[in-house]
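In: sequence below, structure please.
(chains A and B)
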Amino acid sequence: MLGRLERKYDVVVVGGGPAGLGAALGAKEAGAESVLVLDREPEPGGILLQCIHSGFGLHYFKEELTGPEYAERFLTRVVDHDIDVVPDSYVSGVAIDSDGSKHVRVMHERQGLHTVECRSVVLAMGCRERTRGAVRIPGTRPSGIFTAGLAQKFVNMMGYLPGRRVVILGSGDIGLIMARRLTLEGCEVMGVFEIMPYSNGLTRNVVQCLNDFGIPLHLSTTIAAIHGRDRVEKVTVAPVDKSFQVDLSRAWDIPCDTVLLSIGLIPENELSQNLGILLDAVTSGPRVSSTMETSMPGLFACGNVLHVHDLVDFVTRESLLAGRFAGEWARDIRRPRDNIRLVPGDNVRYCVPHTLSPEREHTIYLRCKEPMKPCILRVGDLTEKKLRFVVPAEMIMMTLKPDALERFHGDTLRVDIVPGKSAGDDAGDEK
Amino acid sequence: MTERREFVCIGCPIGCPLQLTHEGPNIVEVEGHECGRGAKYARQEFVDPRRSFSTTVVIHGARWVRLPVKVSRPVPKEKVLEVAQLIHRLRVEAPVSVGQVLLADVLGEPGIEVVASRSMPRVD
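Out: Numbers count the residues shown, from 1 in each chain, chains lettered A, B, ... in the order given. Okay, the predicted model is just below:
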């Protein structure tokens, strides 16, 4: 039900985006009697509500949906499961009693300050966008510089156009999708500039969002300066060398009134940090066990607050699992502690979860550092998987069967991606 | 006389560079693909390239001032901007429910509809 706020719950979920809604459903299905979802926005659904393009749900709903459609279907399930969803509420902290009960401090827009008691908490706060300061773009500080996701909310929900002539920095999917979106709204997109030698977005988006509309993508190129006193007037762009130093002798100017930044996302972990939860320096998210439990007992994490995903379907899958274990925790079901550490090796930037237990099947998520094709993904000497290609923009998902882990007697498993020939054409297996 | 057209496959992140050779409207061969999807994609792009897309329309009496909408079936690629402009002329009054048809038979093609991508209740 929407809007009710009781004093006591089994499970409280912080964040009502796809991760929070998935976790709430997972907790309820695992037998938690009462589940509360808190969200600071006026309605649940998270960033899905502004992602009006399609491409969501192919794995989970087996059909291609837009973001708002995915959110609405999911929310219907949540409300059908008698889960309380309270929007307009901001969680300012969580206190943990000596008996393990948690007290979630909530500021609600109209109802004021509340403390909600619960047995387990799922952190599902998502992530926020990196801004100009994170990449230190030189130049003046005029208006007209936006993160791509903020511009997306302005255009798709609030009905504001950020400008008319737009330059986009960063080729992440949000930047590519905004290039098409603004073109459809009548803006002139002057180009997309990417400092890396490859695109950080899906090929599909490069083709359908840029090539279809004749928008140029400049690789190994970045914005060297932003000009303009009150409003952006032009940007200077320049190619970079292998160590990412700009070559100003080959720079050129582009007149524009707007700069969109699509330069990465950071998990939003202030709440986790205040709690003293251990974070992973690479993902910027909590370190979690195979039950998605953080370093604090009874506190779980899932979705983009844990590590940045590229498919919402994977967020849903991970969150249902986190919710399930949070629900079990609330019912006093305790799983044996994990006894295997998962460690990133060659060409692996990170893996989640950080530890495993031999008692169950596991899905591990990882990202590579550099594009490679063809290659072999190895988990210790237990199992390997041939991959036709890996790119940093595509998260890799791998299932580990319990029988593989049963034969393992060490305490550390190293995950490597090494060059290797793929046998035959196994394209049919990929999505 | 044979001519060549180039495409980038969108089937997966490899993005195979595809070369399609044709004589007028007849496809002679497709090269550059690492799997069957590439060949199929290049043929479709040559014969009848189509795109689905989403945009928004003005809505009155709802929490937000824009309602997300999508085309129910792909439209010819070169008509995307034209159809977007057509959709932008729509004005909608809340409440709206997801899947509601806002415009039927777009471009005179039966089956191509503009539908709401979400529900928006009336807020006064």
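In: what sits closest to residue B:99 if chain neighbours are left out?
Out: With sequence-adjacent residues excluded and distances taken as C-beta to C-beta, 6 or more residues apart in numbering or on different chains, residue B:99 is closest to residue B:115, at 5.6 Å. Glycine gets a C-beta too; all of them are placed from N, C-alpha and C.
In: name whatever forms a beta bridge with that neighbour.
Out: As for beta bridges, residue B:115 partners with residue B:70, residue B:101 under DSSP bridges.
In: how close does the residue nearest the centre of chain B sit to residue B:73?
Out: Centroid check for chain B by C-alpha atoms, centre = their mean gives residue B:52 as the closest residue, at 1.7 Å. Between residue B:52 and residue B:73 the distance, using C-beta to C-beta, to the nearest Å, works out to 7 Å.
In: packing partners of the helix or strand where residue A:128 lies?
Out: Assigned by DSSP states H and E, residue A:128 belongs to strand A:127-129. Using 3 or more C-beta pairs under 8 Å, 6 or more residues apart in numbering or on different chains; DSSP states H and E as the contact criterion, the neighbours of strand A:127-129 among helices and strands are helix A:148-153, strand A:265-267.
In: right, and the residue nearest to residue B:99 touches residue B:104 too?
Out: No: using C-beta atoms under 8 Å, residue B:115 makes no contact with residue B:104, being 9.7 Å away.
In: give me the more crowded residue out of the two.
Out: Using other C-beta atoms under 10 Å in any protein chain shown as the criterion, residue B:115 and residue B:104 rank with residue B:115 on top: 17 against 12.
In: can you pull the pLDDT of the more buried one?
Out: On the pLDDT scale, residue B:115 is placed at 97.
In: then the one 4 residues further on?
Out: Residue B:119 carries a pLDDT score of 97 in this model.
In: other residues contacting the one helix or strand residue B:68 maps to?
Out: When elements are assigned from DSSP H and E, residue B:68 belongs to strand B:66-71. Under the contact criterion C-beta atoms under 8 Å, 6 or more residues apart in numbering or on different chains, strand B:66-71 has outside partners A:52, A:54, A:66, A:68, A:155-159, B:52-59, B:83, B:87, B:90, B:92, B:96, B:102, B:106, B:112-118, B:120.
In: swap in stretch B:83-96?
Out: When contacts are defined by C-beta under 8 Å, 6+ apart, stretch B:83-96 is touched by residues A:184, B:53, B:55, B:57-62, B:67, B:69, B:71, B:75, B:102-103, B:106-107, B:114, B:116, B:119-123.
In: just the mean pLDDT for stretch A:172-182, thanks.
Out: In this model, stretch A:172-182 has a mean pLDDT of 95.
In: re the thing from before, among the contacts of strand B:66-71, which are in helices?
Out: A:68, B:83, B:87 (DSSP state H).
In: on that earlier part again, pull up the pairing partners for the next helix-or-strand element following the strand holding residue B:68, direction included.
Out: The first helix or strand that comes after strand B:66-71 along the chain, using DSSP H and E, is strand B:75-76. The strands that strand B:75-76 pairs with in its sheet are strand B:50-51 (antiparallel) (by DSSP bridges).
In: tell me where chain B has strands.
Out: Assignment of strands within chain B using DSSP state E yields the ranges B:3-8, B:17-23, B:26-31, B:50-51, B:54-60, B:66-71, B:75-76, B:91-93, B:101-103, B:114-116.
In: okay, the angle between the third one and strand B:17-23?
Out: Taking axes from the mean of the first three to the mean of the last three C-alpha atoms, to 10 degrees, one finds that strand B:26-31 is oriented at 160 degrees with respect to strand B:17-23.
In: and the fifth one, by the same measure?
Out: Between strand B:54-60 and strand B:17-23, the angle comes out at 100 degrees (the same axes, to 10 degrees).
In: can you list the buried residues in strand B:54-60?
Out: Counting neighbours by 16 or more other C-beta atoms under 10 Å in any protein chain shown, one finds that the buried residues in strand B:54-60 are B:54, B:55, B:56, B:57, B:59.
In: measure the fourth one to chain A for me?
Out: Right, the one you point to is residue B:57. The gap separating residue B:57 from chain A is 10 Å, by C-beta to the nearest C-beta, to the nearest Å.
In: mean confidence for the biggest helix by length in chain A?
Out: Secondary structure assigned by DSSP H gives helix A:312-330 as the longest helix of chain A. Confidence over helix A:312-330 (mean pLDDT, whole number) is 96.
In: which elements pack onto that helix?
Out: On the basis of 3+ C-beta pairs under 8 Å, 6+ apart, helix A:312-330 makes packing contacts with strand A:11-14, helix A:18-29, helix A:67-80, strand A:120-123, strand A:299-301, strand A:362-368.
In: in CSV, list the ones you listed along with mean pLDDT, distance to chain B and mean neighbour count.
Out: Rendered in CSV, the data for the helices and strands packed on helix A:312-330 read as follows (pLDDT from 0 to 100; distance: least, C-beta to the nearest C-beta, whole Å; neighbours: other C-beta atoms under 10 Å in any protein chain shown):
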stretch, mean pLDDT, distance to chain B, mean neighbour count
strand A:11-14, 98, 22, 32
helix A:18-29, 98, 14, 30
helix A:67-80, 96, 4, 21
strand A:120-123, 98, 25, 31
strand A:299-301, 98, 27, 30
strand A:362-368, 95, 12, 21
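In: and residue A:222, which of those is closest to it?
Out: strand A:362-368 (22.2 Å; C-beta to C-beta).
In: could you find the closest non-adjacent residue to residue 78?
Out: Here I'm looking at chain A. In space, not counting the residues next to it along the chain, residue A:78 is nearest to residue A:21; the distance is 5.2 Å by C-beta to C-beta, 6+ apart.
In: sorry, I should have been clearer: chain B.
Out: Spatial nearest neighbour of residue B:78, chain neighbours left out: residue B:49 (8.0 Å); criterion: C-beta to C-beta, 6+ apart.
In: so which helix or strand of chain A has the lowest pLDDT on average?
Out: The helix or strand with the lowest mean pLDDT-type score in chain A, counting by mean pLDDT, DSSP states H and E, is helix A:402-406 (a mean of 83).
In: since that was my last question, I'll sign off now.
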